[in-house]
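Novice: here is my input; please provide its structure:
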Amino acid sequence: MLLAHNYQRPEVQDAADFVGDSLELSLKATELNTKLVVFAGVDFMAEQVAILNPEKVVLQPEPLAKCPMAAMLTPNIVKKFREKYPKAPIVVYVNSLAEVKALSDYVVTSANAVELVSKLDADTVVFGPDRNLAEYVAEKTGKEVIPLPDFGHCPAHLAITREDVEKAKLEHPNARVLVHPECSREVRAMADYIGSTSQMLRVARELGGHEYIVATETGLLYRFSKLGVVAYPASPYAVCTDMKKITLEKVARSILEGREVIRIDPRVAERAREAVKRTFEVLGVEAPWQRS
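Specialist: Presented below is the predicted three-dimensional model:
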C-alpha cells in the first residue's frame, strides 16, 4: 500500500491508496492486510507507521526527506526538561522522532492536543516541539504549557505572516480563513477556523463555503481542489521542501528495489507505542491496533 501525506506533490497523492495526515495514515496502516507499506512523507511519519505496525515492512522513498521541526527536539533536551519539571507530564507532538516519543508521557496530534491536555490532571504541562501549537493549547485550556524547546517551529508555517493573510483577504473578500495551529498567534487571530489538515478539509465540506484562504503548507490545496471548492494559499512561500523531495520515480524505485526500510529499535518502538496508547486511554478511545 502507498500512503501519502496531504503535503505531497499532486501526482504522488493521485498514485496513493490513501491520502491524509500523519497519524491518520499510521492508524490506517494498522487496518491494512498488507506486509509492505510505502509512506510518502518525512522521516517521523514513516517512523510512526513502523511504530504502530511492527509486523509490517515500512519503506520511505526518500531518506533525505526530514522534518526540520522534529529535528529541533532531541532526546537530551527531553531528559533535561524532565529533570527541570519532574512533576509535569511531557506531551509531544506526533511531529517528533521515535526516540523522543519513547521518552514522553503522551503523543498528540494538532487535532487532539487541546482535548488531551485539558483532560490531564495537571496545571502545568511540558509540550514540544512546536512552540506555536504549545501556545495555542495554553490559550484553549488555560493551563501553563511550557514549550519544549523554546525555539521549536515549523519553517513552512512560520513563513505565513499576518500581512500575507491580510493581502489574501483583500484579494478574496468572500473567502473564509482556515489556519493550522502551527502558525503564529498573529495569524491564528485572523482565522475563521483553526485546525489540523484533515479538520480543515472536513470543515470545508461542512461549512459549504465556496472560497477558502488556507494557512498551511501549499500541498493541501490539491486536496481542496478535489472537494469542488476554491482554495487560495495564505502564502505561496509556505512550502515544505522536504515533502517535495519525494517523486513518483523515487516511490517506484523504493517499491521495486525494496530499499530505504525504516528500522527502529524494538525497545524504543514499544515505549513510543505505549505513549500513544496512554493518549488514546485519556481520550477514552481504544487503540486501533488492540481491536480484534
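
Novice: is it true that residue 91 lies in a strand?
Specialist: Yes: with DSSP: H, G, I helix; E, B strand; the rest coil as the criterion, residue 91 is part of a strand.

Novice: dump the residue contacts of it.
Specialist: 104-108, 113, 116-117, 120, 125-127 (CB atoms under 8 Å, 6 or more residues apart in numbering). Bear in mind the C-beta positions are built from the backbone N, C-alpha and C, glycine included.

Novice: rebuild those residues as JSON lines, extending it with neighbour count.
Specialist: Formatted as JSON lines, these follow (neighbours: other CB atoms under 10 Å):
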{"residue": "104", "neighbour count": "28"}
{"residue": "105", "neighbour count": "19"}
{"residue": "106", "neighbour count": "25"}
{"residue": "107", "neighbour count": "29"}
{"residue": "108", "neighbour count": "26"}
{"residue": "113", "neighbour count": "27"}
{"residue": "116", "neighbour count": "22"}
{"residue": "117", "neighbour count": "23"}
{"residue": "120", "neighbour count": "17"}
{"residue": "125", "neighbour count": "24"}
{"residue": "126", "neighbour count": "23"}
{"residue": "127", "neighbour count": "29"}
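
Novice: between these, which is nearest residue 267?
Specialist: When the contacts of residue 91 are ranked by distance to residue 267 (CB to CB), residue 104 comes first, at 14.9 Å.

Novice: from the contacts of residue 91, which single one is nearest residue 215?
Specialist: residue 113 (17.5 Å).

Novice: which SS class is the residue lying closest to that closest one once chain neighbours are set aside?
Specialist: Excluding its sequence neighbours, the residue lying closest to residue 113 (CB to CB, 6 or more residues apart in numbering) is residue 137, at 5.2 Å. Counting by three-state DSSP, the backbone at residue 137 sits in helix.

Novice: show me what the biggest helix by length in the chain is packed against.
Specialist: Across the chain, the longest stretch assigned as helix under DSSP state H is helix 266-283. Helix 266-283 is packed against helix 43-52, helix 98-102, strand 106-108, helix 113-119, with contacts defined by 3 or more CB pairs under 8 Å, 6 or more residues apart in numbering; DSSP states H and E.

Novice: using a markdown table, please lay out the contacts of residue 91 together with pLDDT and distance to residue 158.
Specialist: Output for the contacts of residue 91, formatted as a markdown table (pLDDT from 0 to 100; distance: CB to CB, whole Å):
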| residue | pLDDT | distance to residue 158 |
| --- | --- | --- |
| 104 | 98 | 23 |
| 105 | 98 | 27 |
| 106 | 97 | 25 |
| 107 | 97 | 23 |
| 108 | 96 | 20 |
| 113 | 96 | 18 |
| 116 | 97 | 24 |
| 117 | 98 | 22 |
| 120 | 97 | 27 |
| 125 | 98 | 23 |
| 126 | 98 | 21 |
| 127 | 98 | 17 |
